[in-house]
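# Compute the structure for the input listed below.
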Amino acid sequence: MRIEKTAPARWLAALLFPLLTACGPTDPGGVLQALGEFQDGLITFYDATGAGNCSFQPSPENLDVAAMNIGQYENSAVCGACVEIEGPKGNLRVRIVDSCPDCPTRGHLDLSREAFAKIANPIDGRVNVRWRMVTCDVQGPVRYHLKDGSSQYWTAIQVLNHRLPVTKLEYWKNGAWVNVKRESYNYFVEPSGMGSGPLKVRVTASDGQTLEDTLPGANSNATYDGAAQFKAG
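Numbering: from 1, shown residues only. From the prediction side, this is the model:
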């Protein structure tokens, strides 16, 4: 049977997401396993745009994207991570851009229609696959986006264009690194702000690599290039 989700269904799922996470994930195992470690999974599809709970911009030029099941979304820890899927028609690498609150099973990925059709027959609707976390094929350094409304008094930073999943963001204050909480919509938010002037930040990848950068300041709706990129493998 063909399984599809309409846009209203996706919006309803997004509204329910905070309630589901408040009750705890359906699977405590997490997703940030070692790169290359396969797991059994299931794929379905929806009308993806590249946007979603990860707060990314739509990417009509690249719809090889997917939403992660609610148990493995891990409060947005997988946002921007890449997954290689082995399907009946071949392999495909997709980027995680959304959560799927109505996908309760560990291993379930909800792909864009376009991505699903590359590795399986859409008429099948639900297809068993294997998938694994892989490095993303990105160019250039990591980037930092300051959410609209950010200032020295309230600061929210999103990390973009990263080769590996980002597990932590810290900023330098009074001679020490301060850990910043990551919200489910994929921003690291400091409710009291990170202060005026340049911001020294440090991001940590899933394998423990770190990058340090100094941003011009907590400027609303600004995007800055970092100095480097995480190494692959």
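
# pretty sure residue 206 contacts residue 167?
Yes - using CB atoms under 8 Å, residue 206 is in contact with residue 167, at 5.4 Å. Quick note: C-beta positions are derived from backbone N, CA and C, even for glycine.

# quick one, which of the two is more surrounded?
Here residue 206 and residue 167 are compared on neighbour count by other CB atoms under 10 Å; more neighbours surround residue 206, at 21 against 15.

# which one is the more buried one nearest to, not counting chain neighbours?
Closest residue in space to residue 206, ignoring its immediate chain neighbours: residue 165 at 4.3 Å, by CB to CB, 6 or more residues apart in numbering.

# Could you report the neighbour count for the one you found?
Counted by other CB under 10 Å, the residues lying close to residue 165 total 25.

# Contact partners for the residue nearest to residue 57 when sequence neighbours are not counted?
Spatial nearest neighbour of residue 57, chain neighbours left out: residue 51 (6.4 Å); criterion: CB to CB, 6+ apart. Residues counted as contacts of residue 51 (CB atoms under 8 Å, 6 or more residues apart in numbering) are 57, 58, 59, 97, 98.

# please redo it, this time with the cut-off set to 10 Å
If a contact means CB atoms under 10 Å, 6 or more residues apart in numbering, then residue 51 has 57, 58, 59, 65, 97, 98 as its contacts.

# in what helix or strand does residue 118 lie?
Following DSSP states H and E, one finds residue 118 within helix 113-119.

# Quick check: the gap between residue 170 and residue 226.
Distance from residue 170 to residue 226, counting by CB to CB, to the nearest Å: 14 Å.

# Give me the more crowded residue out of the two.
More crowded of residue 170 and residue 226, by other CB under 10 Å: residue 226, with 21 against 18.

# need the contact list for the spatially most central residue of the chain.
Most central in the chain under CA atoms, centre = their mean is residue 79, positioned 0.5 Å from the mean C-alpha point. Each residue near residue 79 by CB under 10 Å, 6+ apart is listed here: 52-56, 68, 73, 95-99, 158-160, 162, 165-166, 182, 184-187.

# Keep only those of the residues you listed that are in strands.
Using DSSP state E, the subset of the contacts of residue 79 located in strands is 68, 95, 96, 97, 98, 99, 158, 159, 160, 166, 182.
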